[in-house]
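Engineer: with the input below, show me the fold.
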Amino acid sequence: MIIEFVNGRQHPAEIVATDSEHDLALLRVSEKVSGAPAELRPFDLVRGDEVRIAGLFDPSGFWVTNGRITALNVLDGFAMADAKVRSGYSGGPVFATNGEVVGMLSQRDEARHAIFVRSDVILAFLEAYEQYSGERVNRRSLSQPSKSASLLPRGDKKNSVPPTGAGKPPIQSESGQGSVIKSQAQRSSSPREPLPPRLRTFGSK
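Structural biologist: Below is the predicted model of the structure:
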C-alpha cells in the first residue's frame, strides 16, 4: 500500500489493525516522515458546538466545511454535525474550534450531514492496539503543549489550510493528512493484552 501526503510525497504503509464496527483502520508507515501528528483529544463536545471538517474530494486541494453538533450518539460511537460533506471527505479529520481533532468522518445522511466517529472511540481503538501489540502509536498526548490556538477557516473550498496563531497548520504537511490514525508506530515493552472482539490485527510484531 502507498499513501500520499498533500505535498505529493509517497510512503509505503501497511494495515496493522481494523475496527469494522467503527470504520477504523490503523496504518504503519514503514519510513520516517517529518511533521507532527495532529492532537487527538477525548470527545467532550455538546450539541451546538462548532466543528470543522477537512476533506479531499477533488485534485484541486483540501476543502473545509463547518457546522454544529446536532447529535452525540446518532449511532453507537458516532456523532453528527450539520456540516455538509461530499464523497471524498471520508476519513477526514473533524476539528474543534481550537484545532484539536475530535473525530473522523465516516459517512453522511440523505441531507449530506456529517456522521463521524468520535475521538473517544478512536482513542480506545489506538489504546487497545497498543496494549495488544506492545507498540506505541505516534500521536501527541494531551500532556504535551498544543500549538493549535485559532479557528480553522470558514467556508467550503480551501486549497491550503492557513496556519494557526502559533504558525503551524492544524492539518500538518506530512503526518496529519486525511485519517487521523495514519501514523507511525514505535515499539514499546507493554505486555500483550486480549483484543476486543471487533478489533482485528494484521501481522502484528
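
Engineer: now do the contacts for Ala79.
Structural biologist: 43, 45, 69, 71-73, 103, 115-116, 118 (Cβ atoms under 8 Å, 6 or more residues apart in numbering). For the C-beta atoms, the positions are set from N, CA and C on the backbone; glycine is no exception.

Engineer: quick one: secondary structure of it?
Structural biologist: Going by DSSP: H, G, I helix; E, B strand; the rest coil, the secondary structure assigned to Ala79 is strand.

Engineer: quick check: pLDDT value at the closest residue to Leu45 other than its chain neighbours.
Structural biologist: Excluding the flanking residues, the one nearest Leu45 by Cβ to Cβ, 6 or more residues apart in numbering is Ile69, at 5.3 Å. pLDDT recorded at Ile69 is 95.

Engineer: Ile69: which element?
Structural biologist: strand 63-75 (DSSP states H and E).

Engineer: the helices in this structure, which residues?
Structural biologist: Assigned by DSSP state H, the helices in the chain fall at 119-133.

Engineer: have a look at it and report the helix or strand with the lowest mean pLDDT.
Structural biologist: The weakest-scoring helix or strand in the chain, judged by mean pLDDT, DSSP states H and E, is strand 185-187 (a mean of 34).

Engineer: alpha carbons of stretch 104-114, as CSV, please.
Structural biologist: Only the C-alpha atoms of stretch 104-114 are listed here, as CSV (Å, rounded to 0.1, in the frame of the first residue of the first chain):
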residue,chain,number,x,y,z
MET,A,104,-13.0,11.2,11.9
LEU,A,105,-15.7,11.5,9.2
SER,A,106,-17.3,8.1,8.3
GLN,A,107,-20.5,8.7,6.4
ARG,A,108,-23.3,11.2,5.7
ASP,A,109,-27.1,11.1,5.8
GLU,A,110,-29.5,11.9,3.0
ALA,A,111,-29.2,15.6,3.6
ARG,A,112,-25.3,15.3,3.3
HIS,A,113,-24.9,16.0,7.0
ALA,A,114,-21.7,14.6,8.5
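
Engineer: understood, closing this out.
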